[in-house]
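1. Could you look at this predicted model? Sequence included:
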Amino acid sequence: MLLLVSTFLSTAIEALRVIGGDMTVVLGGTTILPCKLIDAEDTVIQISWQKEPQTDNFLTILSATGPLFLNGHDKRFQFIGNFADNNGSLQLSNIKLTDEATYTCIFTLFPSGNVQTEIHLNLLVPPVTSLKDNRPTLGTEEVSLATCMAAASKPPAKVQWLTGTLGEKVRPTNNVTQHANGTTTTVSTLFGVPTREINHHLVKCVVTSAAMSKEESLPFTIQIYFSPIEVTISKRSEDSFECVTEANPKAAFTWSRCSCLNEPDKPNKATFSSYQGCLSEQSMPQSTVRVEGATLQFLSMTSDLNGLYQCEASNLYGRKHSYMYVHVTSGACPACWTLFGLLLFMIAFGVAALWYSYKTGKCLRTEEDTRGERSKVPTSGSPEEEEEEAAADL
């Protein structure tokens, strides 16, 4: 008799089915843990939920009382099934790493007993991406140029570099670290020789992961840092000069007027090599000199501007100087310009007066009139001299 009852119960339970299914969800998202009993003729007394590795129920649903949490209420779980329809499905929101597990849904029937199914909850964790400039300085040995990181991802993220025309001038290396919580961190470092040739080249770090809806591309412009290489002073106009250099980061410019070591009396290109830098800086006359960044402008070219001017280009990695000697032979003179204008006016007036007299005939005299207007002046000379004067008059 006992054998017949046991065989009957086993056949009845095998005919029952609980529909579930494994679920995959992204960290922080919401999912449904499906659980539904079909083909059941016996009465459902209770629906229970367990989570591995625990073997105790953490949630029970009764027809009379509804869902009941046994180890503290977790608001993230919500019963969305229907006891009358033999539907014990749960909704889980704001999913955490610790929620990844195998869940067991159990239907308790009378008189058949328990029927259950397992739901595996798989968690996807998108990586936290970052790109770091390793700030390499100009050199001849291979160093790390930049580091791209895909941190705490599940499953491991794939990191690669798109280097364009740089080709074999750079190379990547990858390192993967496994964490205790099941996530991994992938670090990819781009190596190369820090030359001016690869400076300012655009590369991209591309991160792909099953936890991401699409790949993420992180653009990066390679930066090779160096101090000002050579400083030159170029002439922009007759009274304006500009200080020019190449540096990374961009250089800041400082103009100063100074005295120097070994300053020659008449500087030229050959003697500039003997300058050793400023001994002391002299104040710039604001009324005659204007400085705007790299530009030095003289507002009036006067002899008091004569002297040595230094342009210093500097950044975090160093500084460099260049010099310019100014020598004005004659300064501007307002009084002299006034006198020069008066002189031009007088010359013009005299020419006009002569032209007027010529046109009106007031300057025309005949040779006879000229001789007739002469007056004889008595002299006390000898008779011979008087005779010579008379002859001259004739």
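-> Sure, I can see it.

2. Just the buried residues of stretch 28-37, please?
-> Neighbour-count burial for stretch 28-37, counted by 16 or more other C-beta atoms under 10 Å, picks out 31-37. Just so you know, the C-beta spots here come from the backbone N, C-alpha and C atoms, and that holds for glycine as well.

3. hmm, I was thinking of stretch 186-194
-> For stretch 186-194, a neighbour-count test (16+ other C-beta under 10 Å) marks 186-190, 192-194 as buried.

4. For Phe253, which residues are in contact?
-> Phe253 makes contact with 243, 293-294, 311-313, according to C-beta atoms under 8 Å, 6 or more residues apart in numbering.

5. how does the protein divide into domains?
-> Domains of the chain are assigned by automatic domain parsing as 2-124, 128-221, 232-326.

6. Adding mean pLDDT, write those domains out as TSV.
-> As requested, the domains of the chain are exported to TSV (pLDDT from 0 to 100):
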stretch	mean pLDDT
domain 2-124	86
domain 128-221	96
domain 232-326	80
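
7. sorry, back to before: of the contacts of Phe253, which pair is most distant in space?
-> Farthest apart among the contacts of Phe253 by C-beta to C-beta are Gly293 and Glu312. That separation is 12.6 Å.

8. Give the residue from those two that has the larger number of neighbours.
-> Neighbours per residue (other C-beta atoms under 10 Å) separate Gly293 from Glu312, with Glu312 holding more: 20 against 11.

9. distance of the more buried one from Thr254?
-> Look at Glu312 and Thr254: by C-beta to C-beta, to the nearest Å, they are 5 Å apart.

10. With secondary structure as added columns, please give the buried residues of stretch 28-37 in a markdown table.
-> As requested, the buried residues of stretch 28-37 are arranged in a markdown table below (DSSP: H, G, I helix; E, B strand; the rest coil):
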| residue | secondary structure |
| --- | --- |
| Thr31 | strand |
| Ile32 | strand |
| Leu33 | strand |
| Pro34 | coil |
| Cys35 | coil |
| Lys36 | strand |
| Leu37 | strand |
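
11. Which of the contacts of Phe253 lies at the shortest distance from Tyr225?
-> Out of the contacts of Phe253, the member with the shortest distance to Tyr225 (by C-beta to C-beta) is Ala313, at 14.7 Å.

12. which parts of whichever strand or helix holds the closest one are buried?
-> Ala313 belongs to strand 307-315 when assigned by DSSP states H and E. Neighbour-count burial for strand 307-315, counted by 16+ other C-beta under 10 Å, picks out 308-315.

13. what does stretch 92-109 give?
-> 92, 95, 99-101, 103-109.

14. can you check stretch 210-219 too?
-> For stretch 210-219, a neighbour-count test (16+ other C-beta under 10 Å) marks 211-212, 216, 218 as buried.

15. Restricted to strands, list these.
-> Using DSSP state E, the subset of the buried residues of stretch 210-219 located in strands is 216, 218.

16. Out of the buried residues of stretch 210-219, flag the one nearest to His201.
-> Of those, the one sitting nearest to His201 (C-beta to C-beta) turns out to be Leu218, at 15.0 Å.

17. Hmm, Thr147 and the closest one touching each other?
-> No - with contacts counted by C-beta atoms under 8 Å, Leu218 stays clear of Thr147, the gap being 11.1 Å.

18. Name the residues contacting each of these two.
-> Counting by C-beta under 8 Å, 6+ apart, the shared contacts of Leu218 and Thr147 are Leu131.

19. ok so, going back, need the buried residues of stretch 28-37 in JSON lines (columns: distance to Thr177).
-> Formatted as JSON lines, the buried residues of stretch 28-37 follow (distance: C-beta to C-beta, whole Å):
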{"residue": "Thr31", "distance to Thr177": "28"}
{"residue": "Ile32", "distance to Thr177": "33"}
{"residue": "Leu33", "distance to Thr177": "32"}
{"residue": "Pro34", "distance to Thr177": "35"}
{"residue": "Cys35", "distance to Thr177": "37"}
{"residue": "Lys36", "distance to Thr177": "42"}
{"residue": "Leu37", "distance to Thr177": "45"}
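
20. ok, those residues vs Lys132, which is closest?
-> Relative to Lys132, and with distances defined as C-beta to C-beta, the nearest of those is Thr31, at 34.7 Å.

21. Hmm, Ile95 and the closest one touching each other?
-> Yes - assessed by C-beta under 8 Å, Thr31 is found in contact with Ile95 at 6.7 Å.

22. Can you work out which residues contact both of these two?
-> Residues touching both Thr31 and Ile95 comprise 25, 121, with contact defined as C-beta under 8 Å, 6+ apart.
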